[in-house]
Structures are given as structure tokens and as C-alpha cells.
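Q: when you get a sec, could you give me coordinates for this:
(one chain, ligands or ions: 1)
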Amino acid sequence: MDIQDKLDILSRDAQYDLSCACGTKNPSEHRKRNSTGSGWLYPTTTASGGPGIMLKTLLGNRCSNDCKYCPLRENQDFRPIALGPKEMASFFYEFQSKRSLIGLFLSSAVLGTPDKTMELLVETAKILRNYYHYKGYIHLKVIPGASKASIDAALRYASALSLNIETPGVEHFSKLTDRKDYVQDILEPLRYIAYQTMKGSRYQRVHTSSQFIVGASDEVDKEILLYTSQMYKELHMGRLYFSAYQQGLGDSRIPGELIKYQNQQLGLFDDLPLPQEQQPVLTREHRLYQADWLLRQYGFKFDEFLFSDQGNLSLTDDPKLVWAKANPQFYPLSIKRSSKQELLRVPGLGPTYVNRIIKTRRETSISCLEDLRLPFSTLQRARPFLTM
Ligand code: SF4
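A: So this is what the prediction gives:
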């Protein structure tokens, strides 16, 4: 196998490890890879919110852990593939010099031990920085159970680090793995990363993120969002991601091959519609992303979200509309006098349109809602909540 064949398989195996991209418009949008011809390239969202393309892959795919939801877990019958740090670094450097990539997202299955795997990931980043003098973006996944020393080494070379929390709490976690310890292998390293990257620290430039897997255990949205809000506050996370558990992938025997097949079935590479049974968990994932935006960009607090009796967000309405319907006394809001924070509570209006409204009303006289020059569909959504 040459390096491109290996990358084809390793990057397919890496595709469910999001933590670097987000799509809130279409539930399955962020799973689509672009059509640039190379399977290991992924569209992603940059820190400033713009689009970019990243090379995303694993260093190796044969894992020594036992996560029940993961096709890479131990004792699976597939051919193990791995790339060495030199091989990976030289390929990436050559490739990025010819293409317009924003960086490298490098992860791995656990190859032996967490620290041995971290050593390989860090070595790749080190070669890129020191040998090739690459100054671009390098995102390294921290392996569960990584030591403080290996995290320190990663911090020296990475632009971003992520470690997946997977579930909101130890109880759900223990249903998915017998091998990993939630506190020692996940929470402790996350706390250490938070400490090393907090404001004023040596590595404050390093962006941090984590990811929940949605629907693999019996966790509910309320638990996920409680953890989400606490992780933003206490662990200073830059971003949190939510990945819908794809039924059947945990049973994969040939991960890259099977994922390719399933993607075709799911319409993620083709334009086929998603099958019905995948819709609820993808919609759940989409609602969690919307709630996450409300926490980060709209000034919402965790205790303002409304959940079903089971503890889940509505699948039919977005969380802001649910809040608006439950708080009719808050509306209608005056388009001329309401504050930015108030206008952000109007369904359909995001920061961009709210800023536009504030600029428009400062510079011109508004006599009707049409003077705001909002897109027709946005205005139709917002109209019931606004007044002159
Ligand atoms: S540690 Fe990661 S790669 Fe290994 S089985 Fe668990 S989820 Fe899969």
C-alpha cells in the first residue's frame, strides 16, 4: 500500500471524529467531505467563522481500547494500518504546499498505550514545526489517559488540542467502555489542558475543544447541555461538538470500507436521502448545536432551556423558538428601542441581523419592518415577535 492508499482508509476512519467542524444549517452537512478529489480533505469552520479545508486523518486505526460505539475498537477483524510521523509530516507538508489547506487535524486510535500514541502524534507535529518550519494550523487529538508530560509536549507544537468527553457523566460512560476511566482518563486530562491554556498561561494561544457522542448511551439532552455549560465555564473550552451515534458502525469489521459503504447508503457522499431511522438522532444533534450557539453567542443560560419530560430538546422547534413560545410576556419587542441582547431573543434573528438592525436604526429613520431590509424568510419568522 502506498501512502495515499493508507490515507484513504485512515481518513475515512477519522471522519466521525468531528471536533473541528460544525454545521448547524443541515444536520448532516458537517459529515460531508468536499469534492476536491481527495477523500482526506474536510470542509471546516475556522476560528473566525469562515470556511476552510483541512487534512484530517488518523496515524493508526487499530485501537487497544474497547469503546462499544467505535468500529476501531480492539479485536475487530480488519487490516491494521498506520503511518509513521516522518511519513505523515512529509506527505502533509508536500500536499499543503500545492493546495490551499488551513491545516492538519491529526488523531489516532490508541496504538499500544496512550502515551506511546501521544509520542507519535507529537513527533509528527514536531517534525512539521522544526524540520519543515510549518507555521500553519495543527490540531492534535489528546488520547484518553494521556499523561501530563505528554500533554505538555503536545501543547508545545499544537495550535489546538481536543479530547472527547463522550458522555455527560461517569454512569453513561461506563456503559460504553470497561477499559477507560472517566475521571482519570478524561476529566483529569481535560482539567489539566484547561489549566495549561487558561488566560494568562503560557499556552493560552492553544484552542481547546471536546465532543459528546449523542445517542450511544441513554443520556438525554438536559445532561449533555448541563455538562456543556459547565465545560465552557470551568474548563474554558473554545468549542464543544456533538456527534450523533451512527447505528451499526460499532459492528463494523472493516471500518474504512464499511464507513464508505454506509456513507453511500446514508447519502453522505451521494445525494441519497438519509433513511428515516437516522433522522431523530441527527435532528437531536442539530438541536444541541443550536442550543450550544445560544449559550455561546446569544447570552442564554442552561436553566433557560426547556426540555420534554424525558429531558430532551424539542425535535420539531428550535430551542430559541421554544423559549419564545414559553415567554410571551417578553414580546413584542420594539424594533427602535430594544437592546441587542433583547433582539437576540427574537426567533430568526442572529448576531449578524441584530447588528444590521442596530446600525440601520442608528443611521436612518425606520417607519416599517421592511425598512430593516432583512431577507423575506427571516422577516416572516421574526415579525410576530417585533413591533414598531
Ligand atoms: S479509544 Fe477512540 S479509537 Fe479507541 S475504541 Fe475508543 S473511541 Fe475508538
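Q: list the contacts of Arg361.
A: Contacts for Arg361 (C-beta atoms under 8 Å, 6 or more residues apart in numbering) come out as Ile335, Lys336. Bear in mind the C-beta positions are built from the backbone N, C-alpha and C, glycine included.
Q: domains for this protein, by residue range?
A: 3-304, 327-387 (automatic domain parsing).
Q: please identify the deepest-packed of those domains.
A: Mean neighbour count (mean count of other C-beta atoms under 10 Å) peaks for domain 3-304 among those, with a mean of 19.
Q: can you tell me the distance between the two ends of that one?
A: End-to-end distance for domain 3-304: 50 Å, by C-alpha to C-alpha, to the nearest Å.
Q: hmm, that domain in reach of the ligand?
A: Yes: contact of domain 3-304 with the ligand (C-beta under 6 Å from any ligand atom) involves Cys63, Asn65, Cys67, Cys70, Leu72, Arg73, Ala109, Val110, Pro144.
Q: so for that domain, what's the average pLDDT?
A: On average, the pLDDT along domain 3-304 is 82.
Q: what's in contact with the helix ranked longest in the chain?
A: The longest helix of the chain (DSSP state H) is helix 279-297. Contact partners of helix 279-297, identified using C-beta under 8 Å, 6+ apart, comprise 22-24, 27-28, 212, 214-215, 221, 224-225, 228-229, 232, 240, 242-245, 274, 300-302, 305, 312-315, 318-320, 344, 350-351.
Q: can you pull out the helices in this protein?
A: Going by DSSP H, the chain shows helices at 3-13, 85-98, 114-126, 148-157, 170-176, 188-197, 221-234, 255-266, 279-297, 319-326, 340-343, 351-363, 376-382.
Q: and those helices: which comes nearest Met54?
A: Nearest to Met54, of all the helices of the chain, is helix 85-98, at 9.8 Å by C-beta to C-beta.
Q: show me what that closest one is packed against.
A: Helix 85-98 sits against helix 3-13, strand 51-58, strand 103-107, helix 114-126, with contacts defined as 3 or more C-beta pairs under 8 Å, 6 or more residues apart in numbering; DSSP states H and E.
Q: again, only using 7 Å
A: helix 114-126 (3 or more C-beta pairs under 7 Å, 6 or more residues apart in numbering; DSSP states H and E).
Q: the helix it packs on vs strand 51-58, what angle?
A: 140 degrees (axes from the mean of the first three to the mean of the last three C-alpha atoms, to 10 degrees).
Q: who touches helix 114-126?
A: Defining contact as C-beta atoms under 7 Å, 6 or more residues apart in numbering, one finds that helix 114-126 is touched by 59, 85, 88-89, 106, 108, 110-111, 138, 140, 143-147, 150, 153-154, 157-158.
Q: same thing with stretch 127-134?
A: Residues outside stretch 127-134 that contact it (C-beta under 7 Å, 6+ apart) are Pro85, Lys86, Ala89, Phe92, Tyr93, Ile138, Tyr157.
Q: list the contacts for the nearest residue to Asp178 once chain neighbours are set aside?
A: Nearest non-adjacent residue to Asp178, counting by C-beta to C-beta, 6 or more residues apart in numbering: Asp66, 6.0 Å away. Asp66 makes contact with Arg73, Glu74, Thr177, Asp178, Arg179, according to C-beta under 7 Å, 6+ apart.
Q: ok, so of those, who is nearest the ligand?
A: Minimum distance to the ligand across the contacts of Asp66 is 3.8 Å, recorded for Arg73 (C-beta to the nearest ligand atom).
Q: and stretch 334-345, how far out from the chain's middle?
A: What separates the centre of stretch 334-345 from the centre of its chain is 30 Å, taken as C-alpha atoms, centre = their mean, to the nearest Å.
Q: just the C-alphas of it, formatted as PDB.
A: In PDB, the C-alpha atoms belonging to stretch 334-345 read as follows (Å, rounded to 0.1, in the frame of the first residue of the first chain):
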ATOM      1  CA  SER A 334     -39.700  47.400  19.900                       C
ATOM      2  CA  ILE A 335     -37.500  47.500  16.800                       C
ATOM      3  CA  LYS A 336     -36.500  51.000  17.700                       C
ATOM      4  CA  ARG A 337     -35.700  50.800  21.400                       C
ATOM      5  CA  SER A 338     -34.900  47.100  22.200                       C
ATOM      6  CA  SER A 339     -31.300  46.300  23.200                       C
ATOM      7  CA  LYS A 340     -29.000  44.000  21.300                       C
ATOM      8  CA  GLN A 341     -29.500  41.300  24.000                       C
ATOM      9  CA  GLU A 342     -33.200  41.600  23.700                       C
ATOM     10  CA  LEU A 343     -33.300  41.400  19.900                       C
ATOM     11  CA  LEU A 344     -31.100  38.300  20.000                       C
ATOM     12  CA  ARG A 345     -34.100  36.600  21.700                       C
END
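Q: fine, thanks again, bye for now.
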